[in-house]
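>>> Build me a model:
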Amino acid sequence: MANFMILFLICNVFISGIIGILLIAKRIFKNNLSSRMQYNLWFLLLGLLAVPFIPFRLIGFPQIFSWLGSLRSSPASSTATAMGEAVGIHPIGNTDWMNDFALSVNSETPSIAGYILFGIWIVGIFAMIILVIKSSLRLRNLEKSALPLQNPEVRRLYYRCLEEMGIHRNIPIYSTAFLKSPIIVGLLKPCIYLPIHLISDYNESDMRYILLHELQHYKHKDAIANYLMNFAGVLYWFNPFVWFALREMRNDREVACDTSVLKMLEEDDYEDYGNTLINFIEKVSFSPFPFAANLSGNMKQMKRRIINIASYEKPTFCKKLKGMTAFILTTVLIMGLTPFISTYAADESRYQWKSSSENISYVDFSKYFGKYEGSFVLYDLRNDVWSIHDIEHATLRVAPDSTYKIYDALFGLEEGVITPQDSFIAWNGENYPFEAWNADQTLQSAMASSVNWYFQSVDEQLGTTSVYDYIKEIGYGNKNMSGDFSTYWMESSLKISPIEQVELLTQLQNNNFGFAPENINAVKDSICLSSSDAGTFYGKTGTGRVDGQDVNGWFIGYIETADNTYFFATNIGADSDATGGNATEITMSILSDMNIWK
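Below you'll find the model as predicted:
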């Protein structure tokens, strides 16, 4: 929740900007958009205000179509060339194939600032809820004190208005001395409340206009909008731009209702309807009730409504067409900005992948993962095709753990801390929990046994600045190494997604980094797991252990054949037993069933 609060505040910056864009769009298309369309545009904002709370990332239409297309083909069909059975070291069933050692780290303490902000937000929400409850109790008292409408003339007029609007539901109408303005309240059981002074000063024409206006609120389901606006106001109590937008939405709602009434009237009645509003300006006041729609408003709003009535003309077909076009353009613009107010978009824990959906095949490998949350990513180089299981997890950045050692070794080689000919680093005599670590190491042995102290020694000689510069240069994940320099890649600040792992492996294999070829080859040799006539298998495991539990398992690598290269990354997560070894078993099963590696 602490991290969410920080991201939520960032989202509010984008929300405030989108509100400004919406206001500008409404102003630009003012002469084209009808009053009802201008009001309906605000529902886009209400939808966008919910985006930060959606527990999943929105998926675009191209990706949906691609995923549906993948359902028509079997998983094996996404690979083009089958690879023969390898000879030599066999991945499955060989305990010496690789070692998966990991040290435990303590869980991180979330940001104190985030918790403080979250606490303030919750306190504000409770305060707003108290105000809403207080207003609701006042409304409840009003309902208890109100009496069914007794005036026979007003009742007859009311029923004529119901018939005129084609409303067949019996909506109760009451009179009360505790209101200055008529209101309609209730979502499931709507009721209209009329002030006694309007009844005592009865004028048939004025009363008809008032009743038609209130019934327009019912007809357009404005009670639902009231609840949504109040709910948004509670959640975004701290954002003045949201409050301004909600106020404008309420104003546009009244203008839209006025316009709906005008459509029912003859042109000669427009002036009378406007005069009715003017006559009641001093008598009506803004409703203090949170879930009520009413005729009243402040002076600025009433002036706007009078101007709207005075300039109203029944729209022609051409004007309707222009209005619909303007509405669609504004809708597309606002909806296109949705990712910018998603916590996923502002969150560095998500990789914003920009690959074409045309070369992505979404496959379902759930049966291989069992109890684990995770993803499998495969890139077929020759055919330029991606096969992805669980795109949500495939773009999720998590700690790389020991898979990062591939690039840490490369940095050390580039800076001459170690060389392809001499990568020896002496053991410092400290006793480690794994026997293989308690000995002098070379790059080959350190990579095979995943010896933490070897790569920590390389980092110490490189220095923080140099390591960070290299991480930025190759674009490694979130490029964040703000944690302890000795453990920044071990369930700490540095994070990377499975898709990024595969992208980096392709750059490593092709040496797109521009590093010395002999250094690239030295790293490749250190992660070579199997070589035969059928091809060469490269890979590295990684296990994240937090508070003694294995919570994050990796297996990444690539397979070179005579005519193709396949790059892969598997990541699994669970409360326990999510190891690099288990990620390896899942990977090998998938590769075998896809006829890539037997």
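
>>> Could you use CA atoms for every contact and neighbour count after this?
Will do.

>>> so who does Ser576 touch?
When contacts are counted by CA atoms under 8 Å, 6 or more residues apart in numbering, Ser576 touches 549-551.

>>> per-residue confidence at it?
The model reports Ser576 with a pLDDT of 92.

>>> Please report the distance of it from Leu494.
21 Å (CA to CA, to the nearest Å).

>>> got it, and Arg140?
From Arg140 across to Leu494, the span is 55 Å (CA to CA).

>>> just the contacts of Ser576 now: which is nearest Trp427?
Asp550 (26.4 Å; CA to CA).

>>> these two touch, right, the closest one and Ile572?
No. The criterion here is CA atoms under 8 Å, and Asp550 misses it with Ile572 at 10.3 Å.

>>> out of the two, which sits in the busier spot?
Ile572 (25 against 21; other CA atoms under 10 Å).

>>> So what pairs up with that one in the strands?
Gly374, Gly553 (DSSP bridges).

>>> who touches it in this structure?
Here Ile572 is in contact with 369, 372-375, 552-554, 578-579, 583 (CA under 8 Å, 6+ apart).

>>> redo that, cut-off 6 Å
By CA atoms under 6 Å, 6 or more residues apart in numbering, Ile572 lies in contact with 372-374, 552-553.

>>> what's the answer for Ile18, then?
Residues near Ile18 by CA under 6 Å, 6+ apart: none.

>>> pLDDT (mean, whole number) over the strand or helix carrying it?
Using DSSP states H and E, Ile18 maps to helix 2-28. Helix 2-28 carries an average pLDDT of 85.

>>> do stretch 248-267 as well
Mean predicted lDDT for stretch 248-267 stands at 87.

>>> which outside residues touch the very next helix or strand once past the helix holding Ile18?
Past helix 2-28, further along toward the C-terminus, the next helix or strand under DSSP H and E is helix 35-50. Defining contact as CA under 6 Å, 6+ apart, one finds that helix 35-50 is touched by 252-253, 256.

>>> now do stretch 503-523
Outside stretch 503-523, the residues that touch it by CA under 6 Å, 6+ apart are 413, 420.

>>> For it, which residues meet the burial criterion?
503-506, 508-509, 511, 519-520, 522-523 (16 or more other CA atoms under 10 Å).

>>> Then stretch 405-417?
Going by 16+ other CA under 10 Å, stretch 405-417 has these buried residues: 405-414, 416-417.

>>> taking the residues you listed one by one, which sit in strands?
Counting by DSSP state E, no part of the buried residues of stretch 405-417 is found in strands.

>>> Just give me the closest of those to Thr587.
Ile406 (18.9 Å).

>>> per-residue confidence for the closest one?
97.

>>> How about the contacts made by it?
Applying CA under 6 Å, 6+ apart, no residues qualify as near Ile406.

>>> From Leu337, how far out is it?
38 Å.

>>> cool, Asn32 as well?
23 Å.

>>> quick one, which of those two is more surrounded?
Comparing Asn32 with Leu337 by other CA under 10 Å, the one with more neighbours is Asn32, at 22 against 14.

>>> What are the boundaries of the strands in the protein?
104-105, 147-148, 173-176, 183-185, 191-195, 292-294, 360-362, 373-380, 385-389, 528-532, 535-546, 549-560, 565-573.

>>> So which of those strands is nearest Phe424?
strand 528-532 (18.7 Å).

>>> by contact count, what packs against that closest one?
Applying 3 or more CA pairs under 6 Å, 6 or more residues apart in numbering; DSSP states H and E, one finds that strand 528-532 contacts strand 535-546.

>>> could you give the angle of the strand it packs on to strand 528-532?
Between strand 535-546 and strand 528-532, the angle comes out at 160 degrees (axes from the mean of the first three to the mean of the last three CA atoms, to 10 degrees).

>>> Give me the contacts around stretch 227-242.
16, 125, 128.

>>> and the end-to-end length of that stretch?
15 Å.

>>> tell me how far that stretch is from the chain's mean position?
Centroid displacement of stretch 227-242 relative to its chain, using CA atoms, centre = their mean, to the nearest Å, is 19 Å.

>>> which of the residues in that stretch are buried?
228-238, 241-242.

>>> can I get those in CSV with pLDDT and distance to Ile307?
CSV is the format used below for those (pLDDT from 0 to 100; distance: CA to CA, whole Å):
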residue, pLDDT, distance to Ile307
Leu228, 92, 28
Met229, 92, 26
Asn230, 91, 28
Phe231, 93, 31
Ala232, 93, 30
Gly233, 93, 29
Val234, 94, 32
Leu235, 93, 34
Tyr236, 94, 32
Trp237, 94, 32
Phe238, 93, 33
Phe241, 95, 26
Val242, 94, 26
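
>>> Which of the residues you listed fall in helices?
Under the assignment DSSP state H, these contribute 228-235, 241-242 to helices.

>>> what two of these have the greatest distance between them?
Going by CA to CA, the pair spanning these furthest: Leu228 and Phe241, at 16.5 Å.

>>> tell me the mean pLDDT over stretch 42-56?
Mean pLDDT, stretch 42-56: 83.

>>> Gly336 versus Gly17, what's the distance?
13 Å.

>>> Who has more neighbours out of the two?
A count of neighbours by other CA under 10 Å puts Gly17 above the other of Gly17 and Gly336, at 14 against 10.

>>> Helices of the stretch 451-598 of the chain, start to end?
Applying DSSP state H, counting those that start in this stretch to the stretch 451-598 of the chain gives helices spanning 452-462, 464-474, 498-510, 517-526, 580-593.

>>> Now tell me what touches the first one from outside.
Contacts with helix 452-462, where a contact means CA under 6 Å, 6+ apart, come from 412, 486.

>>> quick one: least confident helix or strand in the protein?
helix 61-70 (a mean of 43; mean pLDDT, DSSP states H and E).

>>> Next, the angle strand 191-195 makes with the longest helix that the chain contains.
Criterion DSSP H: the longest helix present in the chain is helix 112-145. Helix 112-145 runs at 70 degrees relative to strand 191-195, counting by the same axes, to 10 degrees.

>>> Now helix 112-145: average pLDDT?
87.

>>> how far is it from where the chain is centred?
For helix 112-145 - counting by CA atoms, centre = their mean - the centre lies 26 Å from the chain centre.

>>> what's across from the closest residue to Ile184 other than its chain neighbours in the sheet?
Closest residue to Ile184 apart from its sequence neighbours, by CA to CA, 6 or more residues apart in numbering: Ile192 at 4.4 Å. Beta-bridge partners of Ile192, counted by DSSP bridges, are Ile173, Ile184.

>>> wait, Ile192 sits on Ile173?
Yes. At 4.6 Å, Ile192 and Ile173 qualify as touching, with contact defined as CA atoms under 6 Å.

>>> Between these two, tell me which one has more neighbours.
A side-by-side neighbour count of Ile192 and Ile173, using other CA under 10 Å, places Ile192 first with 22 against 18.

>>> Let me see the contact set for the more buried one.
Contacts of Ile192 (CA under 6 Å, 6+ apart): 173, 183-184.

>>> Can you give me the neighbour number for Ser482?
If you count neighbours by other CA under 10 Å, Ser482 ends up with 11.

>>> which ones are touching the spatially closest residue to it that is not a sequence neighbour?
Distances taken as CA to CA, 6+ apart place Ser493 nearest to Ser482, at 5.9 Å, with adjacent residues excluded. By CA under 6 Å, 6+ apart, the contact list for Ser493 reads 480-483.

>>> one more time with 8 Å, if that's ok
Counted by CA under 8 Å, 6+ apart, Ser493 has contacts 399, 480-483.
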